[in-house]
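A.B. asks: this is a predicted model, with the sequence first.
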Amino acid sequence: MSMKSTPWEDAASMRARALELFSQYDLARVRTPHELTTRIAEITGKPIRIEKLDDPALVHTTALWIEYEELSKVVLRATDRVYYQVRGLHHEFGHMLWGHPGCEGLSMDDGIRRLAGAGQVRGRVLMTPNSLSPLAGDALHEGEAEAMGEIITRSLLRPEYFNDERIFG
């Protein structure tokens with residue numbers, strides 16, 4: 001029996017579903033990070049606050065979505081490189097767009113519970129084949145969020161002015 005490199009069954013179909021959702025929410029029209037955050041807030045019906053924290057509770061968690069009754073907050077690990085923070089943010093946006101439930105694996109951690117307070121925790125965790133077991137129930141959600149996060153990141157990395165870019169081939 002061979003070990004799969006991903007915790008889900010079919011990454012291609014997951015990406016296809018993520019592209020359908022991306023299209024359904026008309027995210028291709030979004031051009032800037034601010035527009036993206038505003039659009040996802042419209043979709044979810046809650047304002048979004050983004051915070052960078054240097055906290056020991058984030059040693060294994062690169063980004064975290066905490067949902068409160070009145071807003072959604074995304075916490076990013078302040079010590080990470082900017083691109084990695086952006087990928088974590090987009091991953092958390094993926095969780096929001098899919099409407100994923102709470103992350104049981106993260107809710108067990110005292111430090112994460114302290115950061116969340118009264119909020120419901122969702123999150124992005126560094127996963128390896130050896131550390132996957134506590135999150136096995138969340139593996140599909142992590143895969144979906146990662147697929148959506150990748151699509152969001154790629155869409156924002158496109159040229160802002162397509163006609164200008166054609167000049168350079």
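C.D. replies: Perfect, I can see it now.
A.B. asks: ok, residue 92 touching residue 106?
C.D. replies: No: with contact defined as CB atoms under 8 Å, residue 92 does not reach residue 106; the gap is 11.9 Å. The C-beta positions use only the backbone N, C-alpha and C, and glycine is treated the same way.
A.B. asks: quick one: which of those two has more around it?
C.D. replies: residue 92 (30 against 26; other CB atoms under 10 Å).
A.B. asks: so the closest residue to the more buried one other than its chain neighbours: helix, strand or coil?
C.D. replies: Among residues not flanking residue 92 along the chain, residue 65 sits closest, at 4.2 Å (CB to CB, 6 or more residues apart in numbering). Secondary structure assignment for residue 65 (DSSP: H, G, I helix; E, B strand; the rest coil): strand.
A.B. asks: contacts only, for residue 65.
C.D. replies: By CB atoms under 8 Å, 6 or more residues apart in numbering, residue 65 lies in contact with 72-74, 92, 95-96, 121-123.
A.B. asks: contacts only, for residue 145.
C.D. replies: 91-92, 94-95, 98, 100, 124.
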